[in-house]
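# heads up, no residue letters with this:
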């Protein structure tokens, strides 16, 4: 007797035995490490290598400011593409994994902010005036403890079945997929909506770029709470970096929004209603426009005449002075 078996998506094909929680946390660690290597490690290695080359090998070839930073940017882009390709090979398709990685990256950023804030408060409020060595080791201990506490919080959160189910639901909404929802339907309205969103983002970036000087030599950094002489580099060339990030995120958000099921269905229904509209011909449009303009002109003349007559009559009768 034949028995129908429901096909279920394979879970954890790329990371066997870890499940959604473990695979998401490992993927998050991979993403964070990749960002640190690409954004902070490669520029330092690049600068150090070129400085060593011009000092110890030859200084015949010197790169100008534009070419120097251009080659650095090209190296960063190639490394980013390579890490993305490797991520796709290591972490196979798994329901909820992409959402888990994105949420995990956001939690890591939030955790870093909280750890820095907690360490800063402890050092400034409770360790003020102590010896430098005591301040350093005590502040470092507070930072490590706060970081471990946040890691435990993330692990316990990901281990909850309800949170994993939420990740799967979030991913099913399509925010982390290239697939199009109801491909071929409502194309005019969906494309117009996407172009409108991109125009707004482009206008904001244009104003942002022209309201400040885009340089590649500036950076954002904050002092270490327990050692003011050391700095934590947050972002290189913040104006340029923020512009690129906003452009990428804006493009992705615009694309995914018009493929979000509820909003996409609304746009498809709107396009269907537009197909029912009977559009006027050019001759009819010109005739109707002339009629409207003539009517507005006649109404303006009538109202002006009545206003003038009322003022004249009321002034003659003594009502208005």
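Alright, I've got the coordinates. It should be emphasised that the depicted structure is a prediction, and the values quoted were computed from it without experimental measurement.
# Quick one: mean pLDDT for the longest helix belonging to the chain?
Ranked by residue count and defined by DSSP state H, the top helix of the chain is helix 282-316. Computed over helix 282-316, the mean pLDDT rounds to 92.
# just how off-centre is that helix within its chain?
Remark: helix 282-316 is offset 53 Å from the chain centroid, using CA atoms, centre = their mean, to the nearest Å.
# Quick check: which helices or strands does it pack against?
Judged by 3 or more CB pairs under 8 Å, 6 or more residues apart in numbering; DSSP states H and E, helix 282-316 is in contact with no other helix or strand. (Glycine included, C-beta is placed from N, CA and C.)
# got a pLDDT number for the residue positioned nearest the centre of the chain?
Centrality entry for the chain: nearest residue to the mean C-alpha point is residue 249, 3.7 Å, by CA atoms, centre = their mean. If you check residue 249, the pLDDT there is 92.
# Need the three-state assignment for it.
helix (DSSP: H, G, I helix; E, B strand; the rest coil).
# repeat for residue 320
Strictly by three-state DSSP, residue 320 counts as coil.
# excluding its backbone neighbours, what's nearest it?
Nearest in space to residue 320, with sequence neighbours left out and distances taken as CB to CB, 6 or more residues apart in numbering, is residue 314 at 4.5 Å.
# Count the residues that sit near the one you found.
Residue 314 sits with 12 neighbouring residues when counted by other CB atoms under 10 Å.
# before we move on, what about residue 248?
10.
# try residue 164
Neighbours around residue 164, by other CB under 10 Å: 20.
# which residues does it contact?
Listed by CB atoms under 8 Å, 6 or more residues apart in numbering, the contact partners of residue 164 are 20, 21, 96, 100, 158.
# quick one: secondary structure of it?
helix.
# Can you read off the pLDDT for it?
93.
# before we move on, what about residue 254?
93.
# My guess is it contacts residue 194. True?
Yes - using CB atoms under 8 Å, residue 254 is in contact with residue 194, at 4.7 Å.
# where does the stretch 51-200 of the chain dip in pLDDT?
The model of the stretch 51-200 of the chain has pLDDT under 70 over residues 57-66.
# ranges for the helices of it?
Taking DSSP state H, counting those that start in this stretch as the criterion, the stretch 51-200 of the chain contains helices spanning 65-90, 97-125, 132-159, 161-172, 187-210.
# What is the distance between stretch 109-120 and the centre of its chain?
The answer for stretch 109-120 is 21 Å, by CA atoms, centre = their mean.
# The chain should start at 10 in everything you say after this.
Shifting the count to begin at 10 puts that one at stretch 118-129.
# quick one: contacts of that stretch?
148, 151, 152, 155, 156, 159, 160, 163, 231, 234, 235, 241.
# Please spell out the PyMOL selection for the buried subset of the residues you listed.
The buried residues among these can be selected in PyMOL (16 or more other CB atoms under 10 Å) with this line:
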select buried, resi 148+151+152+155+156+159+163+234+235
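# Which two of the contacts of stretch 118-129 have the greatest separation?
163 and 235 (24.1 Å; CB to CB).
# Am I right that residue 240 falls within a strand?
Yes - judged by three-state DSSP, residue 240 forms part of a strand.
# Any figure for the gap between the closest residue to it other than its chain neighbours and residue 39?
In space, and not counting its chain neighbours, residue 240 is closest to residue 230: 4.2 Å by CB to CB, 6+ apart. Going from residue 230 to residue 39 by CB to CB, to the nearest Å gives 26 Å.
# Domains in the protein, by residue range?
24-186, 191-286, 288-317 (automatic domain parsing).
# Can you say which of those is nearest to residue 328?
domain 288-317 (14.6 Å).
# Distance from the chain centre to stretch 53-64, please.
On CA atoms, centre = their mean, the centre of stretch 53-64 falls 33 Å from the chain's centre.
# same question, stretch 145-160
Using CA atoms, centre = their mean, the offset of stretch 145-160 from its chain centre is 29 Å.
# thinking again about what came up before, in the sheet, who's paired with the residue nearest to residue 240?
residue 242 (DSSP bridges).
# number of nearby residues for it?
Neighbour tally, residue 230, other CB under 10 Å: 12.
# same thing with residue 132?
When neighbours are counted by other CB under 10 Å, residue 132 comes out with 22.
# Show the contacting residues for it.
Taking CB under 8 Å, 6+ apart, one finds 144, 147, 148, 151, 234, 235 in contact with residue 132.
# again with residue 244
228, 229, 250, 251.
# Check the gap between it and residue 228 for me.
Taking CB to CB, one finds residue 244 at 6 Å from residue 228.
# intersection of neighbour lists for the two?
Contacts common to residue 244 and residue 228, judged by CB under 8 Å, 6+ apart, are absent.
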